[in-house]
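J.: prediction below, plus the sequence it came from.
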Amino acid sequence: MDESLRPENRRDLSPDRIAAGFAETVRNRMTFAYTLATGFVFGGLMSFITSAQQVFQDTFGVEREFPLLFALIALAMSAASFLNARWVRRFGVVRLSHAALWVLIGVSGLHGALAVLGWSPLPVFVALEALTLFVFGFVGANFNSIAMEPMGHIAGTASSAIGAITTILSATLGLVIGQLYDGTTVPLIVGTCVLGIVARVVLWVTGQKSRDEI
């Protein structure tokens with residue numbers, strides 16, 4: 001495959017050029033807003049990955065069935081990825097991802113309320129976590145695409161910067177929420193909801209619209 005980057009946008013591989021590209025990435029309002037939002041939303045996913053084994057084995061007493069149940073929940077997110085390729089053409093990347101974020105907040109909020117009240121047995125937990133990750137499948141990839149939209153001229157550097165920021169942020173948040181495990185599902189579920197709300201606030205504060213304007 002030929003190089004797709006136009007000659008005038010090609011840069012030498014030097015520390016100064018890389019630093020300048022990273023600086024340009026974080027200075028762009030839309031790119032940085034969606035990068036942060038992606039990191040917070042991914043923090044919910046990392047929280048689930050970090051806490052899943054403890055929740056299934058210690059909270060629900062499920063050991064042998066844990067891999068199967070974990071796979072079923074993960075399969076929901078995979079299914080969303082397939083649907084996303086179709087729905088993003090129909091609804092637009094911004095509208096679809098913003099709507100999905102609201103649904104994620106609503107589902108995790110409902111699940112959190114049930115967990116606090118002690119009404120989240122294993123079947124309910126699996127079903128609502130699967131629905132949460134299903135909706136997540138319409139948020140993460142699309143937010144990343146929107147963040148990259150203004151960065152086509154430095155796509156490689158911007159992608160690296162966005163990936164580094166979201167990975168560090170989400171891994172740190174996942175670790176923190178994982179350490180809050182108290183024998184119940186409450187920290188995981190409420191933490192996911194709170195991170196979704198924070199992501200929504202970041203987009204609102206930075207003036208990111210819910211309609212396609214990019």
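T.: On my side now, so go ahead.
J.: all helices for this protein, in order.
T.: Taking DSSP state H to define them, one finds helices in the chain at 15-27, 29-54, 66-91, 93-116, 122-136, 140-148, 155-179, 186-205.
J.: out of those, nearest to R6?
T.: R6 lies closest to helix 155-179 among those, at 11.1 Å (CB to CB). C-beta: built from backbone N, CA, C; applies to glycine.
J.: which neighbouring elements make contact with the closest one?
T.: Here helix 155-179 touches helix 15-27, helix 29-54, helix 140-148, helix 186-205, going by 3 or more CB pairs under 8 Å, 6 or more residues apart in numbering; DSSP states H and E.
J.: please identify the buried residues of the second one?
T.: By neighbour count on 16 or more other CB atoms under 10 Å, the buried set for helix 29-54 is 30-48, 50-52.
J.: now swap in the shortest one and tell me
T.: Buried residues in helix 140-148, counting neighbours by 16+ other CB under 10 Å, are found at G140, A141, N142, F143, N144, I146, A147, M148.
J.: against S159, how distant is T167?
T.: Distance of T167 to S159, given as CB to CB, to the nearest Å: 12 Å.
J.: nope, H153 is what I meant
T.: Here the criterion is CB to CB. By it, H153 lies 12 Å from S159.
J.: quick one: residues contacting the residue lying closest to N84 once chain neighbours are set aside.
T.: Sequence neighbours aside, F138 is the residue nearest to N84 in space, at 5.4 Å (criterion: CB to CB, 6 or more residues apart in numbering). Contacts for F138 (CB atoms under 8 Å, 6 or more residues apart in numbering) come out as A80, L83, N84, W87, L96, S97, A99, A100.
J.: ok, and the most crowded of the residues you listed?
T.: S97 (27 neighbours; other CB atoms under 10 Å).
J.: my read is that that one contacts I146, right?
T.: Yes. Counting by CB atoms under 8 Å, S97 touches I146, with 7.1 Å between them.
J.: if we can go back for a sec, out of the helices and strands packed on helix 155-179, flag the one nearest P123.
T.: Here helix 186-205 is closest among the helices and strands packed on helix 155-179 (CB to CB), at 15.0 Å.
J.: for that closest one, what is the distance to the chain centroid?
T.: In this view, helix 186-205 has its centroid 11 Å away from the chain centroid, taken as CA atoms, centre = their mean, to the nearest Å.
J.: show me what that helix is packed against.
T.: On a contact count with 3+ CB pairs under 8 Å, 6+ apart, helix 186-205 meets helix 29-54, helix 93-116, helix 155-179.
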